[in-house]
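Participant: compute the structure for the input listed below.
(2 chains, ligands or ions: 2)
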Amino acid sequence: MPALLEAKGLHAAYGETKVLHGIDFSVEEGGVTALLGANGAGKTTTLRAICGMVRTQGELILGGESISGMATEDVVRRGVAHVPDGRGTFMELTVEENMRLGAYIRRDRGAVDKDFDWLFGYFPRLKERFRQQAGTLSGGEQQMLAITRALLLRPRLLLLDEPSFGLAPLIVKEIFNILRRIRDEEKVSMLLVEQNASLALAFAEDAYLLETGRIVVSGKAADIGKDESIRRSYLGY
Amino acid sequence: MEGLIHQIISGIATGGIYASVSLALVMIYQATHHINFAQGEMATFSTYITLTFINMGMPYWAAFFLGVAVSFGIGVAIERILIRPMGNAPILSAVGVFVGLLLVINSLSGWFFDYTIKQFPSPFPDQALLGGYISGHQLGSTGVTLGVLVAVYLFFRHTSLGLAMRAAALNPVSARLVGVRVGWMLALGWGLAAAIGSVAGCMVAPVVFLDPNMMAGILLYAFAGALLGGIDSPLGAVLGGFAVGVIENLGGAYLVGTELKLTMALVIIVSVLTVRPSGLLGRTVQSRV
Ligand SMILES: Nc1ncnc2c1ncn2[C@@H]1O[C@H](COP(=O)(O)OP(=O)(O)OP(=O)(O)O)[C@@H](O)[C@H]1O
Ligand SMILES: [Mg+2]
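Facilitator: Ligands and ions are numbered 1, 2, ... in the order given. So this is what the prediction gives:
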């Protein structure tokens, strides 16, 4: 089966600063792929490149269709949801409005309302905070809101940028349990960027290791997690 | 006493006009962080367009709504053609574009429709109402203004498109990530602002008569209203617009006289900027520290 997302020779740059130097990777249908690397390696930039948020060169193919150079809005409309670096909360709007925006491109209003209930099953706290201004949520709650907003798109591909960032271990565990359920129950494919390598490798099937804009290791997540030398030289645990 | 009530009521009537222009200013400010200095001239131009339709023999309300629709289109076109290419230009060049737009539209009004002062009809009966306190036009135009304000409120609060426009203004990056076409939302904002200006122009023209500079003073009052209420608060702008209308009328009647009324706008602008720059209802975001 062909991959859901395939990148070939992907370059990305901010103005004159080149950040990605021709990387290849793919995300399998229904699978989780982890993208690891040190600070500044280019992980966030890779997710931005997929969504057309930075200038890119090279090929990006989603479900057989080229999305290279496409505007962010159009990539999103093809089923790519992005939980961005910093969570992207609409601080001044309510939790409800944030969620409605997640479903903005959908026209099936009734199904969206059902999805609200479906997601409250995963994140009951959002239901309690439904009418509250999103800027008043805790960091963990904002992360839940960001994931909820992304899932309301009913995406084929979910891009997650450090969902564990800045959260207490217990909350991280809770969020990853929910992501696991969403993958298993809803078959949403995911590309996961994480600093917490052991967590990510335990969750993903495939993994890539990025170093200053180049992929230096790729393979099955389980194998990489077992490889002592990789762990020591790149992952630091 | 009777005189006072009379002044307050006509202050509310003109305040409604200021309120709608204030709202148009705030809508564009929220989306772009620029004050559209050409807002008044755009409204004047729209009023001429409506007058043209009326002179062609159209019934008043048909001409009115067609004028609103055409103005909406012109607003969208201005954003697409002039404002968008400007992108993230520095503040001074943005101001330059707005001032240029003001001068160009002003000249176009004079060139197309000539500089003579024209009468503009009111759709409302010419008679005193409510025991002589208010004219038919004052009551009617206040009603129309309130209708516009309520419609705008409902649009932004209760429609998906209105929500998307707010999202695009608040956080364009996140808005794109949920599929909002941010560029078009800005154009739509310009269209709406132009449409509101068209309504304001048609409501004020029967009172002040139509000439290419009709809105110049009104824009100043509207700006004062927007600042008074808070330049980033639509509700504040509306209340500020009404308040300025009342202050202007009372001041004109009891303090400075009608010749110096316009200075009241400047006094309000300067006082707000020095005493409370965020305005009465200026945004205070609830956020965690
Ligand atoms: N908006 C930007 N403009 C210019 N350079 C940028 C911008 N964003 C990131 N960079 C640069 O690109 C490089 C890669 O950044 P990126 O955010 O992709 O790293 P990352 O792997 O996500 O790091 P982290 O783990 O710290 O989030 C860094 O050197 C960074 O300085
Ligand atoms: Mg990052």
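Participant: low-confidence ranges in chain B?
Facilitator: Scanning chain B for pLDDT under 70 picks out the ranges B:1, B:88, B:258-259, B:283-289.
Participant: next one: the host helix or strand of B:Val95 to chain centre, how far?
Facilitator: According to DSSP states H and E, B:Val95 maps onto helix B:91-113. Counting by CA atoms, centre = their mean, to the nearest Å, helix B:91-113 is centred 17 Å from the centre of its parent chain.
Participant: tell me the buried residues in that helix?
Facilitator: Residues B:94, B:97-98, B:101-102, B:105-106, B:109-110, B:113 are the ones in helix B:91-113 that count as buried (16 or more other CB atoms under 10 Å in any protein chain shown). C-beta coordinates here come from the backbone N, C-alpha and C atoms, glycine included.
Participant: can you redo those residues as CSV with distance to B:Thr145?
Facilitator: Formatted as CSV, the buried residues of helix B:91-113 follow (distance: CB to CB, whole Å):
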residue, distance to B:Thr145
B:Ala94, 29
B:Val97, 29
B:Phe98, 25
B:Leu101, 25
B:Leu102, 23
B:Ile105, 23
B:Asn106, 24
B:Ser109, 23
B:Gly110, 27
B:Phe113, 24
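Participant: among those residues, which are within reach of ligand 2?
Facilitator: With CB under 5 Å from the ion as the criterion, no member of the buried residues of helix B:91-113 is in contact with ligand 2.
Participant: look up how far A:Asn98 lies from the residue of chain B found nearest ligand 2.
Facilitator: Closest to ligand 2 within chain B is B:Val173: 14.5 Å, counting by CB to the ion. As for B:Val173, its distance to A:Asn98 is 14 Å (criterion: CB to CB, to the nearest Å).
Participant: so which of those two has more stuff around it?
Facilitator: More crowded of B:Val173 and A:Asn98, by other CB atoms under 10 Å in any protein chain shown: A:Asn98, with 27 against 13.
Participant: tell me the contacts of the more buried one?
Facilitator: Each residue near A:Asn98 by CB atoms under 8 Å, 6 or more residues apart in numbering or on different chains is listed here: A:89-90, A:134, A:145, A:149.
Participant: chain A against chain B: which residues are in contact?
Facilitator: A:51, A:53, A:71-73, A:76-77, A:81-82, A:84, A:88-93, A:97, A:100-102, A:104-105, A:133, A:135-136, A:138, A:149, A:153 (CB under 8 Å from any CB of the partner chain).
Participant: pull out the buried members of these.
Facilitator: A:51, A:53, A:71-73, A:76, A:81-82, A:84, A:88-93, A:97, A:100-102, A:104-105, A:133, A:135-136, A:149, A:153.
Participant: wouldn't A:Arg48 be in contact with A:Val54 here?
Facilitator: Yes - under the criterion of CB atoms under 8 Å, A:Arg48 makes contact with A:Val54 at 4.7 Å.
Participant: shared neighbours of the two, anything?
Facilitator: A:Ala12.
Participant: which of these two has more neighbours?
Facilitator: Taking neighbours as other CB under 10 Å, A:Arg48 and A:Val54 compare with A:Arg48 leading, 25 against 19.
Participant: residue contacts, the more buried one?
Facilitator: A:12, A:54.
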